[in-house]
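Asks: Generate a structure from the sequence data that follows.
(chains A and B)
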Amino acid sequence: MYCVNCGVRLGDAEEQCPLCGIKVYHPDLPRPQGEPLYPKDRLPEKKSASKGLNGVVIFLFLFPLWICFLSDWRVDSTLNWFGYVAGALMVLYVGLALPLWFRKPNPVIFVPCTFAAVAVYLLAIERMTRGGWFLPFAFPLVGGLCLITTAVVALFRYVRRGRLYILGGASIALGCLLHLTEWLMVLTFGGGFTGWSLYPLVGLALVGGLLIYVAISPSARETIERKLFF
Amino acid sequence: MSRQKKHSLRWVRLDNAAKIYPAARRRNWSNLFRQSMTLNEEVDVAVLQQALDVTVKRFPTIAARLRKGAFWYYLQQVEQAPAVQEEYSYPLRFMNKQEIRQCAFRVIAYRDRIAVEFFHSLTDGTGALVFLKSLVAEYLEQKHGIAIPCEEGVCDRTQPPPAEELEDSFPRYAGPVPRSRRDTDAWPMRGEPQPDGFLHVTCFRLSAAQVLEAAHRHGVSVTVFMSAVMMQALQRLQQEKQPNPRRRKRVKLLIPVNLRRLFPSRTLRNFAMYTIPELDPRLGEYTFEEICRVITHKMGEEITQKHMASVIAANVRDERNPLVRLIPLPIKNMVMKAIFDSVGEKKSCLTLSNLGVVKLPEEMQPYVKRMDFVLGVQAAAPYNCGMLTYGDTVYVNVIRNIRDAELERCFSAVLQELALTVTVESNRN
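Replies: Numbering: from 1, shown residues only, chains lettered A, B, ... in the order given. Purely as a prediction, here's the structure:
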């Protein structure tokens, strides 16, 4: 039998052309019977991520948690600082250990999850200390960082090219966010505008601009490669 | 098994080439290859199991498992032969860490086919072929009561293995001056990955006489000829994918070289090196004749005792470095993995490994109708290719872990242009 599309001669067991996928069919010719190279529907079972490893990781988190609980409780039978440690460990767990539960953890999902955990932790601290700084200061700051990081991770993952552009853009965005942070600090906590954020803004904007220039200019890339190869 | 007997099991250090494979392993990839013989009759699994029980004792470094020391991995002979396994819809399914620790090879029976899949640290294609031939010879002797002489790579299973079969030949034949391993990067092949981990195998069957005649018409060997076909296919594929010639990357093909043909070694462990002919498509389109010339000259220059000895020297120098030797295994693993990930597979588009003409003792030939050699895909690159010639047929097995058979299409087109009759089979149905 020959493939009607690409003309290649096919093995007797082929039901479709292995090269172009066209079904092997001719109304006047009976399809030759041949033994397939491999059994048709016998696929290996997929195993989930290692349960043992996750157990060990959970223990590594629970053990210090338990020690902290005991240390705090034994002093005056109340919990004073335990909540902060527990929250921090939870954030650490969400960021580092939660992806281990999945076969192919997608960072585009887990990075925002980690930032959400950080935001919840900060909100809890603010409630415990009655600071009133979460909505005007912490939320926009964490949100901005989350947006920038997620954008970089997503673009790195789904767009194969233009990594220098992505890093350059992220660098400039980070500089702007730092500048915004200073304004948020002034608005939330009072005090004067000292302008410290202009230094990182200028530095990061320069780095970002340089990265974008290198991305645009092949001769700059060539020069860097020539000077820095090892 | 008594404790004393466990301790009497033979163990060997990994040879120089084998050291990278355990470190390079990933969560869903390890370096495997498969060789198989298809018989003229259904395989009797019970007899095959008995034959395997006998054969494994003769090959203590191939029938082995990978174990960890404080500073290096080592291979330990398996206590008993592994059970013969069933075939799956694709070959070379992932061999995980636990499996490699228990037994780093598997024997698979499917209808009339006996296949063996090896973790590459155990041996190379030549060693594996000796194992497979001996296993099938033992099977046929037990099944049909025939006597098969120990020739053409069939070993006597009743004799203990000679020391020269177990040696690491790399240090012995290392030259005095190491050669730099610096090399240019190749065109990185990519495609949409097969989401469920399915591996597509496409087997091209060609008439050996036709291929030989075509190769001679171009004045080259079969390996050079088929490598040229593959490079031509790669060149065309890149032209399709990258219309701008200035942006095209080098087309490079890794061709393994059996060092036993250059050095008087009889080892059954890894003893192969490679040569990587390359085309620079920015310079223009190479004709088939030009590609043949490029490969011939590259192989002529590099497949010499002196060149290979200097490449071996460079590899052996690293493992002899006292500092390297003293680094604990987990750290060594991390460093080697980082090196492999950043350099290992970037130097070629894919591997085309040719086992050459496989000969069997005359007594075996009536029972064996076909043989195949399938290389596992690389860790990052989606393709690989293994070929051998048995009887009057050349079997070229191309494996891929991406959806589209784009390289296979180009490869088939080049073969057809060269007026070769090719029959295509696959596991796609």
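
Asks: Need the nearest residue in space to residue B:294, chain neighbours excluded.
Replies: Once flanking residues are discounted, residue B:294 sits nearest to residue B:277: 5.5 Å by Cβ to Cβ, 6 or more residues apart in numbering or on different chains. Using the backbone N, CA and C atoms, a C-beta is placed for each residue, glycine as well.

Asks: Could you pull up the residues touching the one you found?
Replies: B:227, B:231, B:252-253, B:255, B:294-295, B:298-299 (Cβ atoms under 8 Å, 6 or more residues apart in numbering or on different chains).

Asks: repeat for residue B:311
Replies: Residue B:311 touches B:179, B:181, B:273, counting by Cβ under 8 Å, 6+ apart.

Asks: now do 10 Å
Replies: B:174-175, B:178-181, B:257, B:259, B:273-275, B:302 (Cβ atoms under 10 Å, 6 or more residues apart in numbering or on different chains).

Asks: can you pull out the helices in the chain?
Replies: Unless you meant another one, I'm taking chain A. Using DSSP state H, the helices of chain A run over A:51-76, A:82-92, A:107-129, A:139-158, A:163-189, A:198-216, A:218-228.

Asks: Wait, chain B was what I had in mind.
Replies: Assigned by DSSP H, the helices in chain B fall at B:3-8, B:20-24, B:45-58, B:97-102, B:125-144, B:163-166, B:169-172, B:208-217, B:222-241, B:288-302, B:305-320, B:322-326, B:329-339, B:406-417.

Asks: Quick one: closest of these to residue A:77.
Replies: Evaluated over the helices of chain B, closeness to residue A:77 peaks at helix B:329-339, with 43.9 Å, by Cβ to Cβ.

Asks: What residues of the closest one count as buried?
Replies: Across helix B:329-339, burial judged by 16 or more other Cβ atoms under 10 Å in any protein chain shown covers B:329, B:332-333, B:336-337.

Asks: how far is that helix from where the chain is centred?
Replies: Helix B:329-339 sits 23 Å away from the centroid of its parent chain (Cα atoms, centre = their mean, to the nearest Å).

Asks: what does stretch B:159-174 give?
Replies: Put simply, stretch B:159-174 sits 19 Å off its chain's centre (Cα atoms, centre = their mean).

Asks: Show me what from chain A comes close to chain B.
Replies: When proximity is defined by Cβ under 10 Å from any Cβ of the partner chain, chain A lies next to chain B at A:1-3, A:6-21, A:24, A:34-44, A:46-47, A:49-50, A:103-104, A:160, A:218, A:229.

Asks: In CSV: the helices of chain B, plus distance to residue A:175 and mean pLDDT.
Replies: Shown next, in CSV, are those (distance: least, Cβ to Cβ, whole Å; pLDDT from 0 to 100):
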stretch, distance to residue A:175, mean pLDDT
helix B:3-8, 64, 52
helix B:20-24, 40, 88
helix B:45-58, 65, 94
helix B:97-102, 45, 91
helix B:125-144, 56, 94
helix B:163-166, 63, 90
helix B:169-172, 53, 92
helix B:208-217, 62, 95
helix B:222-241, 37, 95
helix B:288-302, 50, 95
helix B:305-320, 44, 90
helix B:322-326, 43, 85
helix B:329-339, 31, 87
helix B:406-417, 43, 94
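
Asks: circling back to that earlier point, which of the contacts of residue B:277 has the most neighbours?
Replies: Within the contacts of residue B:277, most neighbours by other Cβ atoms under 10 Å in any protein chain shown means residue B:227, with 28 neighbours.

Asks: residues in contact with that one?
Replies: Counting by Cβ under 10 Å, 6+ apart, the residues that residue B:227 touches are B:220-221, B:253-255, B:275, B:277, B:291-292, B:294-296, B:298-299, B:352, B:354, B:385, B:387.

Asks: quick one, phi psi at the closest residue to residue B:363 other than its chain neighbours?
Replies: Spatial nearest neighbour of residue B:363, excluding adjacent residues (Cβ to Cβ, 6+ apart): residue B:148 at 4.8 Å. Reported as degrees, to the nearest 10, the phi and psi values for residue B:148 are phi -110, psi 120.

Asks: ok, the closest residue to residue B:82 other than its chain neighbours - contacts?
Replies: Nearest in space to residue B:82, with sequence neighbours left out and distances taken as Cβ to Cβ, 6+ apart, is residue B:103 at 4.4 Å. Counting by Cβ under 10 Å, 6+ apart, residue B:103 touches B:56, B:63-66, B:78-83, B:95, B:119, B:122.

Asks: For the residues you listed, pick the one with the most neighbours.
Replies: residue B:122 (28 neighbours).

Asks: quick one: that residue and residue B:269 touch, right?
Replies: Yes - using Cβ atoms under 10 Å, residue B:122 is in contact with residue B:269, at 7.7 Å.

Asks: Touching both of those two, which residues are there?
Replies: With Cβ under 10 Å, 6+ apart as the test, residue B:122 and residue B:269 both reach B:14-15, B:18, B:61-62, B:75.

Asks: Show me which pair in those is furthest apart.
Replies: B:14 and B:62 (13.1 Å).

Asks: ok, what's across the strand from the residue of the stretch 101-250 of chain B found nearest chain A?
Replies: Per Cβ to the nearest Cβ, residue B:202 is where the stretch 101-250 of chain B lies closest to chain A, at 4.9 Å. Beta-bridge partners of residue B:202, counted by DSSP bridges, are residue B:398, residue B:426.
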